[in-house]
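>>> model the structure of this input:
(2 chains)
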Number of protein chains: 2
Amino acid sequence: MNLDDKLAVLAQQIEARLRSFLALFDFGLSAELGRMLAYHMGWDGDEGGRGKRLRPALTLLCAGACGGDHEVAMPAALGIEFLHNFTLIHDDIEDRSDLRHGRPTLWTRWGLPQAVNAGDALFCIAQLALLGLGETCGEAVAARAARELNQMCLRLTQGQYLDIAFEDDDGIDLETYLAMIQGKTAALISFCAAMGGLSAGADEATLTQLMDYGESLGLAFQIQDDYLGIWGDPAVTGKSAASDLLARKKSLPVLFGLQECVEFKALWGVEALTPVIVDEMAVMLEDCGAKDYVKVKAELYTRRAFEGLDGLFPNKNEDAEVLAALTEKLLHREV
Amino acid sequence: MNLDDKLAVLAQQIEARLRSFLALFDFGLSAELGRMLAYHMGWDGDEGGRGKRLRPALTLLCAGACGGDHEVAMPAALGIEFLHNFTLIHDDIEDRSDLRHGRPTLWTRWGLPQAVNAGDALFCIAQLALLGLGETCGEAVAARAARELNQMCLRLTQGQYLDIAFEDDDGIDLETYLAMIQGKTAALISFCAAMGGLSAGADEATLTQLMDYGESLGLAFQIQDDYLGIWGDPAVTGKSAASDLLARKKSLPVLFGLQECVEFKALWGVEALTPVIVDEMAVMLEDCGAKDYVKVKAELYTRRAFEGLDGLFPNKNEDAEVLAALTEKLLHREV
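The predicted model follows:
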């Protein structure tokens, strides 16, 4: 089996377990709340309406790479995917996003009050799923995992605080931006890796290495995403050229340009950005050094992620091989 | 010391511990998020802007009444108060409430996106506080408490789902309403009592009795609140007569009237309710049996709460005496 097939098998296993976990809850008179959650998880239509479940797959692979068992790590994997989805429900509200995976978001379909509440319900379900580690690893591991989940999640809210605050602020410095994506993206990926190790009984030094690997992976992925949002090949990304500029997304290259390039800043203030102006802006960013800056940053964290993997698993078992291939795919991708 | 003095001392101890717990977190670049939480907890003005911290006091008293120690139960008490406050932040958004304890709500002051996110942050902090039981009672108790917290909280979201859904529905039957307040009010009070017992090492039978007592207390309190919202003495409640009718609150007597009294239902549809119409409506409700119905229900749960207490603590120590006096005050009150 190639990597994609292996990931598809993992994702399918995870999907079945996510569904059976949610089915454990009796929503009684509030059955519609249960239907909201199933809709958000993408279980009322075709598979196109779902995420790729890469985060829980990362947890299972890290567990396996450490010599542990997927079944033992499963409660953590389920908790992580539910948690990720809880954050998406609230993010969509906070960002006023109408669509997610091509379908109307929860708040546009059921209204804002019910969507805020459904997000809270999914947060509880995520915690309950993770606490299932009590059965597979004992109560001490479950309590520790719950503690780390909530500490990580608090970092997510700190990143999200900055992200919302940035909407009205064009003068964000680059270090602040990195702190934001550390909270918003990297903290959860880092947690995925650590939970795999924890459930496999890894020692503290290994857990730290796993967290560092996950953090580097998360940062590299996000920065590369920022890069591709402007300089990605439309034929590969499936988006229009420089789509992040058209969407006025304050990504890393944009923040660099706002600080370093007066002409770019002037165009950024123009009310209606056309594809022609946007192409011009992409060239300006390249000329002022934004493209190189972002590339260097992405390469830095990419290198750290691979060094982390090599340090963790000098002799790779099958899951470690898949983990390496997945890291490769995520970071050397052309999309 | 009389009851009020004893409760004031407890509330003061809890307040100091809540503040020092929140101070443990370094919000770094998102310091404003920390300030939002401190504002919501009522720590930037006088004490009038705060709740009475009765829920955590209930936990400490139940722990003490079971022969346990306040300090051992403190992590649960702190977790419960933070959790209660998290629910208030999101409830205020969902209900579009502008004021809480006479001050602007979080979402009116910082905007909706930041307030949703701040609620999530406080939810994490609540879980972390509760997980502090690991240090005072061991990790198995901490994991169990976390599991019960999230199960209870899921019931809160189910109650809240119904509450939001009821806004556009005049045909709610009375059993559905009771299920709603069971989730929205009684589940948390029941949890407060159980956590006190759990931290004191109470056996399973006692925990069940504590939960039943808390549930009865919560239901009795809420139904009495519904009663007083229409027939309470304005001189004592500090609100105008029949204030719940003026506010068009779908309380238990109103739902009874909508089902049993055609004249009441007709007036409920009138666009501008005046104090004169509202007085008339209160009389109609009394005539159709709503007042008696609500009184009987309130008395039923009040009796159950007191029977529960007597069954739990036939020989009362000092905390059990205070708990009985507090129950008395909450349920035989004239406000």
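
>>> give me the phi and psi for A:Leu99.
Note on A:Leu99: its backbone torsions stand at phi -120, psi 150 [degrees, to the nearest 10].

>>> cool, and the one 4 residues further on?
For A:Arg103, the backbone dihedrals are phi -120, psi 150 (criterion: degrees, to the nearest 10).

>>> cool, A:Asn315 as well?
Dihedral angles phi and psi of A:Asn315 (degrees, to the nearest 10) take the values phi -110, psi 110.

>>> do the same with A:Phe27
Note on A:Phe27: backbone dihedrals following degrees, to the nearest 10 are phi -90, psi -10.

>>> in which helix or strand does the nearest residue to it once chain neighbours are set aside reside?
Taking C-beta to C-beta, 6 or more residues apart in numbering or on different chains as the measure, A:Phe27 lies nearest to A:Gly34, with 3.8 Å between them; neighbours along the chain are not counted. To be clear about C-beta, it is placed using only N, CA and C from the backbone, and glycine gets the same treatment. If you go by DSSP states H and E, A:Gly34 is part of helix A:31-40.

>>> ok, and what's touching whatever helix or strand comes next after that helix?
Sequence-wise, the next helix or strand beyond helix A:31-40 is helix A:54-65, with elements assigned using DSSP H and E. Identification of contacts with helix A:54-65 by C-beta atoms under 8 Å, 6 or more residues apart in numbering or on different chains yields A:7, A:10-11, A:14, A:69-70, A:72-74, A:76-78, A:80-81, A:84, A:188-189, A:192-197, A:199-200, A:210, A:214, A:312-313, A:316-320, A:322-323, A:326, A:330.

>>> picking that back up, my read: the residue nearest to A:Phe27 touches A:Gly28, true?
No. Taking contacts as C-beta atoms under 8 Å, A:Gly34 lies outside contact range of A:Gly28: 9.2 Å.

>>> who has more neighbours, the two?
Neighbours per residue (other C-beta atoms under 10 Å in any protein chain shown) separate A:Gly34 from A:Gly28, with A:Gly34 holding more: 19 against 13.

>>> which residues does that one contact?
The neighbourhood of A:Gly34, defined by C-beta under 8 Å, 6+ apart, consists of A:Leu22, A:Phe25, A:Phe27.

>>> so what pLDDT did the second one get?
If I follow you right, that is A:Phe25. At A:Phe25 the predicted local confidence, pLDDT, stands at 97.

>>> quick one: it from chain B, how far?
The spacing between A:Phe25 and chain B, counted by C-beta to the nearest C-beta, to the nearest Å, is 7 Å.

>>> which SSE is that residue in?
When secondary structure is defined using DSSP H and E, no element contains A:Phe25, which sits outside every helix and strand.

>>> what's the domain layout of chain A?
Annotated domains of chain A cover A:1-202, A:203-335 [automatic domain parsing].

>>> and the ones you listed, which one averages the lowest pLDDT?
The stretch with the lowest average pLDDT out of the domains of chain A is domain A:203-335, scoring a mean of 90.

>>> do that domain and chain B meet?
No. Under the criterion of C-beta under 8 Å from any C-beta of the partner chain, domain A:203-335 makes no contact with chain B; the nearest approach is 14.6 Å.

>>> distance from the chain centre to that domain, please.
A distance of 13 Å separates the C-alpha centroid of domain A:203-335 from that of its chain, computed with C-alpha atoms, centre = their mean, to the nearest Å.

>>> do stretch A:68-78 as well
Between the mean C-alpha point of stretch A:68-78 and the mean C-alpha point of its chain there is a distance of 19 Å (C-alpha atoms, centre = their mean).

>>> tell me if that stretch is near chain B.
No. Between stretch A:68-78 and chain B, judged by C-beta under 8 Å from any C-beta, nothing touches; the nearest distance is 11.7 Å.

>>> how about that stretch, which residues are buried there?
Under the neighbour-count criterion of 16 or more other C-beta atoms under 10 Å in any protein chain shown, stretch A:68-78 has A:Gly68, A:His70, A:Val72, A:Ala73, A:Met74, A:Pro75, A:Ala76, A:Ala77, A:Leu78 buried.

>>> so can I have JSON lines of the residues you listed showing secondary structure?
Rendered in JSON lines, the data for those read as follows (DSSP: H, G, I helix; E, B strand; the rest coil):
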{"residue": "A:Gly68", "secondary structure": "coil"}
{"residue": "A:His70", "secondary structure": "helix"}
{"residue": "A:Val72", "secondary structure": "helix"}
{"residue": "A:Ala73", "secondary structure": "helix"}
{"residue": "A:Met74", "secondary structure": "helix"}
{"residue": "A:Pro75", "secondary structure": "helix"}
{"residue": "A:Ala76", "secondary structure": "helix"}
{"residue": "A:Ala77", "secondary structure": "helix"}
{"residue": "A:Leu78", "secondary structure": "helix"}
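
>>> against chain B, how distant is A:Ala77?
If you measure A:Ala77 against chain B using C-beta to the nearest C-beta, the figure is 18 Å.

>>> ok now do that residue, which residues does it touch?
Applying C-beta under 8 Å, 6+ apart to A:Ala77 gives the contacts A:Ile14, A:Arg17, A:Pro56, A:Ala57, A:Thr59, A:Leu60, A:Met195.

>>> then A:Ala73?
With contacts taken as C-beta under 8 Å, 6+ apart, A:Ala73 has the following neighbours: A:Thr59, A:Leu60, A:Cys62, A:Ala63, A:Gly64, A:Thr136, A:Met195, A:Gly196, A:Ser199, A:Ala200.

>>> check A:Gly51 too.
When the contact criterion is C-beta under 8 Å, 6+ apart, the partners of A:Gly51 are A:Gly42, A:Glu81, A:His84, A:Asn85, A:His101.

>>> so the third one touches A:Phe191, yeah?
In this case it means A:His84. No. Counting by C-beta under 8 Å, A:Phe191 is not a contact partner of A:His84; they are 10.1 Å apart.

>>> so for those two, which residue has more residues nearby?
In this comparison of A:His84 against A:Phe191, neighbours counted by other C-beta under 10 Å, the higher total goes to A:Phe191 at 31 against 19.

>>> quick check: residues of the stretch 1-150 of chain A near chain B?
Taking C-beta under 8 Å from any C-beta as the criterion, the neighbours of chain B within the stretch 1-150 of chain A are A:25, A:27-30, A:32-33, A:90, A:93-95, A:112-114, A:116-121, A:123-125, A:127-128, A:131, A:134, A:139-140, A:142-144, A:146-147, A:150.

>>> now list the buried members of those.
With neighbours counted using 16+ other C-beta under 10 Å, the residues of the stretch 1-150 of chain A next to chain B contain these buried positions: A:25, A:27, A:29-30, A:33, A:90, A:93-94, A:112-114, A:116-121, A:123-125, A:127-128, A:131, A:134, A:139-140, A:142-144, A:146-147, A:150.

>>> from these, which land in helices?
A:33, A:90, A:93-94, A:112-114, A:116-121, A:123-125, A:127-128, A:131, A:134, A:139-140, A:142-144, A:146-147, A:150 (DSSP state H).

>>> still on that earlier bit, now the two most distant members of the contacts of A:Ala73.
Greatest spatial distance in the contacts of A:Ala73: A:Cys62 and A:Thr136, 15.2 Å, computed using C-beta to C-beta.

>>> between those two, point out the one with more neighbours.
Neighbour totals were compared for A:Cys62 and A:Thr136, and A:Cys62 leads with 32 against 17 (other C-beta under 10 Å).

>>> now that one, nearest residue through space, not along the chain?
A:Gly196 (2.8 Å).

>>> can you tell me the helix or strand for the residue in the stretch 201-335 of chain A positioned nearest to chain B?
Here the stretch 201-335 of chain A gets closest to chain B at one residue, A:Leu255, 14.6 Å apart by C-beta to the nearest C-beta. For A:Leu255, the host element (DSSP H and E) is helix A:252-260.

>>> next structured bit after that helix?
Beyond helix A:252-260 on the C-terminal side, the first helix or strand identified by DSSP H and E is helix A:262-268.

>>> list the buried residues in that next one.
For helix A:262-268, the buried set under the neighbour-count rule, 16+ other C-beta under 10 Å, comprises A:Phe264, A:Leu267, A:Trp268.
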